[in-house]
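In: coordinates only, sequence not included:
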């Protein structure tokens, strides 16, 4: 990761993740159009299979983390409980 990046960690089998996906898509479409936010990237990472999300310490999905390069700055955990 380089610069400021918003990452949504999700599972394609998660009902709440699927409900939240349009908001993440809208954010990824809007940020590049605003000069103050155009350098912020939005990424989505599927937690289906593998150990990546578990290794990152994610406990609920969807989870959104903001990174400055490789350093996490904050997160919003399990948006629907």
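Out: That came in fine, so what should we check first? Just so it is clear, the structure is predicted and the values come from calculations on it, not from any experiment.

In: can you pull out the strands in this structure?
Out: Using DSSP state E, the strands assigned to the chain run over residues 4-10, 41-46, 63-68, 71-77.

In: and for the protein, the residue most distant from the center?
Out: residue 35 (21.3 Å; C-alpha atoms, centre = their mean).

In: just the pLDDT for that one.
Out: At residue 35, the model reports a pLDDT of 89.

In: cool, and residue 32?
Out: You'll see residue 32 listed with a pLDDT of 89.

In: over to residue 1?
Out: For residue 1, the model assigns a pLDDT of 57.

In: report the longest helix in this protein, please.
Out: Criterion DSSP state H: the longest helix present in the chain is helix 15-30.

In: on that earlier part again, turn the strands of the chain into TSV, including mean pLDDT, distance to residue 54 and mean neighbour count.
Out: Just so you know, the C-beta spots here come from the backbone N, C-alpha and C atoms, and that holds for glycine as well. Compiled in TSV, these are given as follows (pLDDT from 0 to 100; distance: least, C-beta to C-beta, whole Å; neighbours: other C-beta atoms under 10 Å):
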stretch	mean pLDDT	distance to residue 54	mean neighbour count
strand 4-10	94	11	20
strand 41-46	93	13	16
strand 63-68	94	12	18
strand 71-77	91	14	12
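
In: export those as TSV, with columns for distance to residue 57.
Out: Output for those, formatted as TSV (distance: least, C-beta to C-beta, whole Å):
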stretch	distance to residue 57
strand 4-10	11
strand 41-46	14
strand 63-68	10
strand 71-77	10
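
In: which one of those lies closest to residue 25?
Out: When the strands of the chain are compared by C-beta to C-beta, strand 41-46 sits nearest residue 25, at 8.7 Å.

In: what lines up beside that closest one in the sheet?
Out: strand 4-10 (parallel) (DSSP bridges).

In: perfect, I'm done here.
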